[in-house]
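Student: model this:
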Amino acid sequence: MKLHPQTTDLSRYRESSELIDFRLDKSCEINALTKKLLRIDWQQGEFTSNAFAFVRDKIAHSMDIKSKVVTCKASEVLSAKEGLCYAKSHLLAAILRCSGIPTGFCYQRLMFNNTLVLHGLNAVYIKSIDKWIRLDARGNKPGVDAQFSLYSEKLAYTVRPELGEEDIPIIFAEPNENVVRSLTTDKKLDEVVKNLPRILN
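Tutor: This is a model prediction of the structure:
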């Protein structure tokens with residue numbers, strides 16, 4: 001699938017924001033984590049792979065651990081060590097953007113509980129190959145095996161068009177408003193799951 005950046009201005013994919021809330025100072029936990037994950041001799045792809053593995057494996061998917069916690073901001077996700085797919089994509093974006101790597105937000109529409117809902121993941125621009133790649137840090141479990149790959153996508157889910165599922169090819173510079181509204185309005189995880197966002201606008 002050909003990905004389409006929302007804007008050709010790569011600086012938009014490096015920005016800090018209220019949700020992607022990293023700061024380039026010593027007191028920022030995301031900045032400290034970025035420095036910890038980055039080895040000085042690593043190339044961009046190696047760091048991106050390491051950051052992806054951290055969020056995928058060290059930050060729990062809230063539904064997998066049957067949590068009641070709802071996180072949204074990148075800093076909240078890091079502090080709680082958990083989040084839904086959307087929230088985990090916010091943290092991965094913050095870590096990569098903190099190191100200057102352009103990172104955006106992508107979505108799939110997937111069948112969940114007999115309803116088509118949005119699933120969140122990231123797209124990262126890899127300068128050495130002049131290419132955007134999608135990464136899904138949702139977290140692996142039986143039947144889900146997302147991996148880092150520069151050349152062949154290995155996402156958590158493969159869409160099933162016969163069920164109406166689809167890949168949305170746009171790379172957004174900021175998280176979707178419907179996703180953010182769901183994560184910030186519903187205070188309990190079961191409420192969020194019941195009201196998972198279904199459309200982008």
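Student: okay, and for this structure, where does confidence drop off?
Tutor: The chain contains residues with pLDDT under 70 at 39-42.
Student: Give me the sheet partners of the strand ranked longest in it and which way each runs.
Tutor: The residue-count maximum for a strand in the chain (DSSP state E) belongs to strand 115-126. Strands that pair with strand 115-126, judged by DSSP bridges, come out as strand 103-112 (antiparallel), strand 131-135 (antiparallel).
Student: Just name the most buried of these.
Tutor: Among the strands paired with strand 115-126, ranked by average contacts under mean count of other C-beta atoms under 10 Å, first place goes to strand 103-112 (a mean of 22). Placement of C-beta: from N, CA and C, glycine included.
Student: The nearest residue to E165 once chain neighbours are set aside: neighbour count?
Tutor: Spatial nearest neighbour of E165, chain neighbours left out: V159 (4.0 Å); criterion: C-beta to C-beta, 6 or more residues apart in numbering. By other C-beta atoms under 10 Å, the residues close to V159 number 18.
Student: For my notes, confirm V159 occurs in a strand.
Tutor: No - with DSSP: H, G, I helix; E, B strand; the rest coil as the criterion, V159 is located in coil rather than a strand.
Student: Please give me every residue in contact with Q44.
Tutor: When contacts are counted by C-beta atoms under 8 Å, 6 or more residues apart in numbering, Q44 is found next to I101, I126, K127, S128.
Student: Burial check on the third one, number of neighbours?
Tutor: This means K127. Taking other C-beta under 10 Å as the definition, K127 ends up with a neighbour count of 12.
Student: Look up how far S79 lies from the nearest residue to it once chain neighbours are set aside.
Tutor: Spatially, and ignoring its direct neighbours in sequence, K127 is nearest to Q44 (6.1 Å; C-beta to C-beta, 6+ apart). If you measure Q44 against S79 using C-beta to C-beta, to the nearest Å, the figure is 27 Å.
Student: Then G164?
Tutor: 36 Å.
Student: what does K188 give?
Tutor: 18 Å.
Student: Same question for R23.
Tutor: R23 sits at a distance of 15 Å from S79 (criterion: C-beta to C-beta).
Student: ok, these two, which is more surrounded?
Tutor: Set side by side, R23 and S79 give different neighbour counts by other C-beta under 10 Å, the larger being at R23 (14 against 11).
Student: Wait, that one touches E29, no?
Tutor: No - distance between R23 and E29: 9.6 Å, which falls outside the contact criterion (C-beta atoms under 8 Å).
Student: what about the strands in this protein?
Tutor: Along the chain, the stretches classed as strands by DSSP E are 4-5, 60-61, 82-83, 103-112, 115-126, 131-135, 166-172.
Student: The longest one: how far from the chain's middle?
Tutor: Spelled out, that is strand 115-126. A distance of 7 Å separates the centroid of the chain from that of strand 115-126, by C-alpha atoms, centre = their mean, to the nearest Å.
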